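In: I'd like to go over a predicted model; first the sequence, then the structure.
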Amino acid sequence: MINPFSKLGISDDVVNAVKELGFENPTPIQEQSIPVLLEGSNDFVGLAQTGTGKTAAFGLPLLELIDFKSNKPQALILCPTRELCLQIANDIKNFSKNTQNAHVVAVYGGANIMQQLREIRNGVQIVVATPGRMLDIIGRKAIDFTNVKYVVLDEADEMLNMGFQEDINDILSTTPDDKKTWLFSATMPPEVRRIAKNYMENPVELTMGTKNTGNVNIEHEYYIVKARDKYAALKRIVDYNPDIFAVVFCKTKMDTQDVAEHLIKDGYNADALHGDLSQQQRDKVMQRFRDRNMQLLIATDVAARGIDVNNVTHVINYALPDEIESYTHRSGRTGRAGKTGVSICIINAKETGKIRQIERIIGKQFTKAELPTGFDVCEKQLFGLIHRVHNVEVNEEQIDKYMSRINDEFADLSKEDVIKKFASLEFNRFLEYYQNAPDLNLSADDRFERGERGDRRERGERGERGGRGAEAGYSRLFINVGSVDEFTRGDLLSFVCNNGKISGKAVGKIDLKGVFSFVEVESAVAETLLANFKDVQYNGREVRIEKSGEAPVGRGGERRSGGGYRGGNGGERRSGGYGGGERRGDRRGGERSGSGRRGERSGGGSEGGFRDFSGRSREERSAGSGRREGGERSRRRS
Ligand code: AMP
């Protein structure tokens, strides 16, 4: 079978090299551009995201077009950052490992110029450079570009954003007029268009996806929270995604440092990347991230330029970028090399307009997502743990010698108890942490109170505030309990699910009012819920639930005697979980507890989330458990 790269016109030496890198099939951008660029006779504009395989898209044709018998520079690749420069040079070195006498040099600031000059003097055919250092070397008359046949401008939009226009002009003026220019850009603002117009003749244009479009592999989501809840929201997202490997974008160096420090103190594997770090520090941070020894990289836009790390699962916009165009670059850090990724924005209600602007630019719609409840997080973590336990590789030889002692230790426990205890070991920490976790989603009421009416789409989909329309596929139910009963939305969710015997996943919007509330549930389970929801009392009061705007269900004045409130789980209280948690441990939760930072708000408080319906008073419960997510808030304020 002919190798697909050979079919595109790539020679055996190079095909073998990319095969070793694991490239089996060309990516779409490679498939389209390689045949065009191999002709060597066209200027070229490629609109493509980072991570789509564009280095090979231009690198492989270059290797075919260059005369490696000569040691003169024939290709110049300009890119915005040192990281990208190193990456491209490295990639091309890998592609050319079987190519006789191929020499590639990386020319970038912040490194010893003498070494770079030496390499140039020794003879190179391909120069990969950042503009500043390149100009420096040109200024020293240390390089001769008269034989340059190809100039690649990679991430052209970023180079212009970073103010390299003049430098690029100066550099290009030292190259021959008849060279071919290949420009790659993720977006096509007017300035990039201008370059294309000024420097190119009838360029072949290829667009991967629509213009300025974000990568198709990336899902875009936004969460609306109060400004002061941003950090808690970030943590909730991270906890809900135990395998997250993410870049978190902040606006300023200080924010970056601040968020990273808080995360580290809270036991997360995070670090900051910003311009105040020395090059050496930045390299160290990046290396840890590349090696996946760090889960969360907190970065500014500038510092994150050129971060090309594969398998980033999420990009989190802790703050939206000032320049809307930057969003494309940020989100492009995930969904690379055919992988899928999620780009998340944590915003306040006033920023929904900006989301609409971004949607227009990237030509994709965002999903307005709801932050998981504490219960959701606990469930996710529990099953993550179960999955890990199930799949862990057992080192039979090593564990064998301990087995009899382990068995002795467990002799008094049934298999079921042992499983329960293993599962609880880590689960308890999350339960403990999240038991009183507030609902962080900004409700329609919150927005209304602040005079912010939410965006039109949201209102359209979910109905006006207080209106009757449920989201498509959902039924809106009225229930005669609300905030005067000290219910939070989390409480109400558990209450409805436990008594109606439905899964929390079937519940949509919860509108908590004073003496009553509205709950949207999937229409498919509404009848089940109504049928199950019988004889429920709360504080001696009969709890009614009925379809909103319809005749009451399960009413009729029959006041059932006895009973009382049955408890959150239809009678069987969750045992052992809330409050009495295991606090040792080696992972995140344990470290967090260890940091002593979560118990700060052990007193009553009025904003709890999950309630244990044990009949204990709120104060008693708080005193007993002593931990709540609110702790982090007070910490942030202090
Ligand atoms: P780039 O956009 O050039 O930075 O490439 C993104 C990632 O995709 C890099 O890690 C490349 O090694 C990888 N890659 C590029 N082309 C291919 C291919 N044809 N098959 C598999 N991986 C690729």
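Out: Sure thing, it's come through.
In: do you know how far residue 41 is from residue 299?
Out: As for residue 41, its distance to residue 299 is 41 Å (criterion: C-beta to C-beta, to the nearest Å). The way it works is simple: take the backbone N, C-alpha and C, and place the C-beta from them, glycine included.
In: and what of residue 518?
Out: When distances are taken as C-beta to C-beta, residue 518 and residue 299 turn out to be 41 Å apart.
In: also residue 537?
Out: When C-beta to C-beta is the yardstick, residue 537 and residue 299 sit 53 Å from each other.
In: list the contacts of the helix or strand hosting residue 521.
Out: Using DSSP states H and E, the secondary-structure element containing residue 521 is strand 517-522. Here strand 517-522 makes contact (C-beta atoms under 8 Å, 6 or more residues apart in numbering) with 470-471, 473-479, 481-483, 487, 492, 496, 500, 502, 506-511, 529, 545, 548.
In: selecting buried members of those residues in PyMOL, what would you type?
Out: Burial among the contacts of strand 517-522 is assessed by 16 or more other C-beta atoms under 10 Å; the matching PyMOL selection reads:
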select buried, resi 470+474+475+476+477+478+479+481+482+483+487+492+496+500+502+506+507+508+509+510+511+529+545+548
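In: of the contacts of strand 517-522, which belong to helices?
Out: 492, 496, 500, 529 (DSSP state H).
In: now for the residue positioned nearest the centre of the chain: which residues touch it?
Out: With distances taken as C-alpha atoms, centre = their mean, residue 314 lies nearest the centre of the chain, 2.0 Å away. For residue 314, the residues meeting the contact criterion (C-beta under 8 Å, 6+ apart) are 237, 241, 244, 245, 246, 247, 334, 341, 342, 343, 344.
In: narrow those to those in helices?
Out: If you go by DSSP H, those have residue 237 in helices.
In: what's the closest of the contacts of residue 314 to residue 356?
Out: Within the set of the contacts of residue 314, residue 343 lies nearest residue 356; the separation is 15.6 Å, counting by C-beta to C-beta.
In: now the closest one: closest residue in space that isn't a chain neighbour?
Out: Nearest non-adjacent residue to residue 343, counting by C-beta to C-beta, 6 or more residues apart in numbering: residue 331, 3.7 Å away.
In: now do residue 260
Out: Residue 260 sits nearest to residue 272 (C-beta to C-beta, 6+ apart), 3.7 Å away.
In: could you export the helix or strand hosting that neighbour as CSV, CA atoms only?
Out: Under the criterion of DSSP H and E, residue 272 resides in strand 270-273. The C-alpha trace of strand 270-273 is given here as CSV (Å, rounded to 0.1, in the frame of the first residue of the first chain):
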residue,chain,number,x,y,z
ALA,A,270,-1.0,24.3,39.1
ASP,A,271,1.6,26.9,38.2
ALA,A,272,1.7,30.4,36.7
LEU,A,273,3.2,31.5,33.4
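In: list the buried residues in it.
Out: Taking 16+ other C-beta under 10 Å as the basis for neighbour counts, the residues of strand 270-273 that come out buried are 270, 271, 272, 273.
In: is whichever helix or strand comes after it positioned near the ligand?
Out: Per DSSP H and E, the first helix or strand lying C-terminal to strand 270-273 is helix 279-290. No: with C-beta under 6 Å from any ligand atom as the criterion, the ligand is not reached by helix 279-290; the gap is at least 11.0 Å.
In: of the contacts of residue 314, which is the nearest to residue 116?
Out: Among these, residue 247 lies closest to residue 116 (C-beta to C-beta), at 29.0 Å.
In: what is the neighbour count of the one residue in the stretch 351-500 of the chain that gets nearest to the ligand?
Out: When scored by C-beta to the nearest ligand atom, the stretch 351-500 of the chain has residue 362 as its residue closest to the ligand, at 18.0 Å. Using other C-beta atoms under 10 Å, the number of residues around residue 362 comes to 24.
In: so it sits against residue 329, correct?
Out: No: the pair residue 362 and residue 329 does not pass the contact test of C-beta atoms under 8 Å, sitting 11.2 Å apart.
In: how about the helices in the stretch 251-400 of the chain?
Out: With DSSP state H, counting those that start in this stretch applied, the stretch 251-400 of the chain shows helices at 253-265, 279-290, 301-304, 326-331, 352-362, 374-391, 396-409, listed in chain order.
In: looking at the ones you listed, which one is packed in the most?
Out: Mean neighbour counts were taken over the helices of the stretch 251-400 of the chain using mean count of other C-beta atoms under 10 Å, and the top value, a mean of 25, falls to helix 326-331.
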